[in-house]
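A.B. asks: Below is the structure, and that's it, no one-letter string:
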């Protein structure tokens, strides 16, 4: 009886592992960016690194370069005069 339980447990673990590796989650999450002349560009985001790429016609997948973000200024911060 114990041998049968171990076999069933091993099969369930193997099925779960195969599902986790090959079905969900996939490495990339797919989306699209806007419409340019009625078409949109597919975008894929790497779930492990967070890097995004878009599919450019005749060029393949190209990394999307991010623009530098402006310095954040807290509107609720109070300015304290420096003491001498």
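C.D. replies: Cool, the structure landed. Note that the structure is a prediction, hence the values are computed from the model and not measured.
A.B. asks: Am I right that residue 12 is in a helix?
C.D. replies: Yes: the assignment for residue 12, made by DSSP: H, G, I helix; E, B strand; the rest coil, places it in a helix.
A.B. asks: Helices of this protein, residue ranges please.
C.D. replies: Counting by DSSP state H, one finds helices in the chain at the ranges 2-22.
A.B. asks: Please name the residues that touch the residue nearest in space to the middle of it.
C.D. replies: Per C-alpha atoms, centre = their mean, the C-alpha nearest to the average position across the chain is that of residue 47, at 3.0 Å. Taking C-beta atoms under 8 Å, 6 or more residues apart in numbering, we find residue 47 in contact with 25, 26, 27, 28, 29. Where you see a C-beta, it was placed from the backbone N, CA and C, and this is true even at glycine.
A.B. asks: now the helix or strand of the chain with the lowest mean pLDDT, how far from the centre of its chain.
C.D. replies: For the chain, using mean pLDDT, DSSP states H and E, the weakest element among its helices and strands is strand 28-36, scoring a mean of 83. In terms of C-alpha atoms, centre = their mean, to the nearest Å, the centre of strand 28-36 is found 13 Å from the chain centre.
A.B. asks: From residue 49, how far out is the nearest residue to residue 31 once chain neighbours are set aside?
C.D. replies: Residue nearest to residue 31 in three dimensions, not counting chain neighbours: residue 43, with 4.9 Å by C-beta to C-beta, 6 or more residues apart in numbering. Distance, residue 43 to residue 49, by C-beta to C-beta, to the nearest Å: 15 Å.
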